[in-house]
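> just need the structure, nothing else, for what follows:
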Amino acid sequence: MTFHDYAIAHAEELTKLTCDMTLIPAPSGHERKRAEYCAEWLRNAGAEGVEIDEFCNVVWKAFPGKSGKWIIFSAHTDTVFDFDVPLEIKKEDDKLYCPGIGDDTANLAVLMLGMRYLIDNPPVDNEYGVLFIATASEEVGSVGMYNYLTKNGTDDIHFCYSFDASMKRIYTGTVNYYNHRVTVRAPGGHALGAFGTPSAIEELSRVILDTSAACREYIAENKLKRTTINVGTISGGNRHNIIAAEAHALIELRSDKYERYEVLASLLAKAVEKYTTEQVTITNEIVSDTAHWNTVPDEVMKKIGEEHGEMLQSLGIKPRYSSACTDCRYPMSRGIPSLDVGLCMTSYPHNLGELLYPDSLPTGLEFLLMIFERYL
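Next up, the predicted model:
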C-alpha cells in the first residue's frame, strides 16, 4: 500500500481523532487530560514505554537507531483558550470550526496516526531513533520542550520537528520576544487643586507613543517582516478625580534576530530616559525572558526548508517560508537544526473562528510518512 493509499484509508479516523481531542479543554498549564488521552491512545496502538513526564509532556522513545541519536517528532497539546471558552465543533461546507482545532490539535492527531504507522511498520536498520514528544505549554514560551531538553540534554538529538500551524508555511527560522514592564510613578494629587502636576498615565502615554513611532520607523526603513512592537496591557490610576500617581504597561518586543531586538530595546530605553525627571520616575524591566536565539546557520536551514518544500509541492502544496515563535526555538539555540511545518490546512489560529479543512489531514499524514522515509 502506498503512503497515499494508507493516508486516504485513514481519513475518517484522522478527522474523528482530531475532533475528539479538540473537545478536551487544554489551556496552557492545564493540558493533563489531553496528555492522558494521547498517552493512552498510543498505548492502545501498541506503543510500549509511553510516559507523561513531570512537565506534562507525553514522551515515547521508540525504535532506537544505530547512531545513538534521536530525531524529535513533536506537536503541542495546549491551546490558548481558557476553560470558559465553549468548545463546539461546527461543520460548514468543507470546513470544521472550533477554537483550537488547528493549533495544534489536528497536527497532533496526524502525528499520532503516523506513530501508529511506525508501530505497524517498524523501521529496520534505521540510523536515528524516533523521539515522540507531545509538548506542554508551547503557547506560553515553549515550556515543555525547554524543560524536557534542559533536563535530558541535547547531545544525542540529531534533528527536531515541531508540527504546528498550517502546511501553507514552512518555518525555517525562529522568532523570540521579551516583555518589558514599564512603570511610571509621579506625585499625583487632586484633579482640580493639583492641576499641572505630572500624571503617571500621561507620562506613560508619551513613552509608549515615542517608542512605538521610533520602532515602527526602524522596522519600515529596514523592511523587517518578523520584528514587531506591541503594547499588550496598560493599567494605572485610581479615580476620575485623582491625578494618576502610578501607571504600568507591558510592551512586547519581538524579532527573529537578536541585534534587531537590541535596536527596539534601545529605542524604548531612550524614551524612558527622555521622560524621567525629578518628579517622574520610570522603570523598565524585562519580566518574561523565554528567548532562545538561533545558532544554526541560515544557509543550513534554507536548504532543509527547500527540501521539505519540494516534498509538499509533490503533494500539490506550494508553501511560503518564514520564521515563527515555536517549539523549535530552544533546540535551535543549542545548534540543533529544527523545522516547524504543519500537517494540515488551517486558518485563524488563536481566534474563536479558528477552522480546519479536514480533507487536508490525509495529505498531512502522507507528508509525514515521506518525512519518516527520509530518515528511517
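> show me the contacts for residue 350.
For residue 350, the contacting residues are 80, 103, by CB atoms under 8 Å, 6 or more residues apart in numbering. Heads up, the C-betas are built off the backbone N, CA and C, glycines and all.
> how about residue 185?
By CB under 8 Å, 6+ apart, residue 185 lies in contact with 200, 245-246, 280-282.
> what two of those residues are the furthest from one another?
245 and 282 (13.2 Å; CB to CB).
> and the helix or strand where residue 339 lies, what does it pack against?
Using DSSP states H and E, residue 339 maps to strand 338-341. Where contact means 3 or more CB pairs under 8 Å, 6 or more residues apart in numbering; DSSP states H and E, strand 338-341 is packed against strand 157-163, strand 169-174, helix 298-314.
> residue 326 is nearest to which of those?
Using CB to CB, these put strand 157-163 closest to residue 326, at 5.1 Å.
> so what does that closest one touch, helix or strand wise?
On a contact count with 3+ CB pairs under 8 Å, 6+ apart, strand 157-163 meets strand 70-76, helix 107-120, helix 329-333, strand 338-341, helix 361-375.
> just the buried subset of the contacts of residue 185, written out for ChimeraX, thanks.
Command for ChimeraX that selects the buried part of those, burial taken from 16 or more other CB atoms under 10 Å:
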select :200,245,246,280,282
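> which ones among the contacts of residue 185 are found in helices?
Within the contacts of residue 185, residues falling in helices by DSSP state H are residue 200.
> nearest to residue 308, of the contacts of residue 185?
When those are compared against residue 308 (criterion: CB to CB), the nearest one is residue 282, at 46.5 Å.
> against residue 90, how distant is that closest one?
48 Å (CB to CB, to the nearest Å).
> returning to that earlier point: a markdown table for the helices and strands packed on strand 157-163, including mean neighbour count?
Converted to a markdown table, these look like this (neighbours: other CB atoms under 10 Å):
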| stretch | mean neighbour count |
| --- | --- |
| strand 70-76 | 26 |
| helix 107-120 | 22 |
| helix 329-333 | 24 |
| strand 338-341 | 27 |
| helix 361-375 | 21 |
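> which one of these lies nearest to residue 209?
Residue 209 sits nearest to helix 329-333 of all those, at 30.8 Å, using CB to CB.
> JSON lines for the contacts of residue 185, including pLDDT and distance to residue 164?
Converted to JSON lines, the contacts of residue 185 look like this (pLDDT from 0 to 100; distance: CB to CB, whole Å):
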{"residue": "200", "pLDDT": "97", "distance to residue 164": "40"}
{"residue": "245", "pLDDT": "97", "distance to residue 164": "44"}
{"residue": "246", "pLDDT": "98", "distance to residue 164": "39"}
{"residue": "280", "pLDDT": "98", "distance to residue 164": "43"}
{"residue": "281", "pLDDT": "98", "distance to residue 164": "42"}
{"residue": "282", "pLDDT": "98", "distance to residue 164": "37"}
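> thanks a lot, catch you later.
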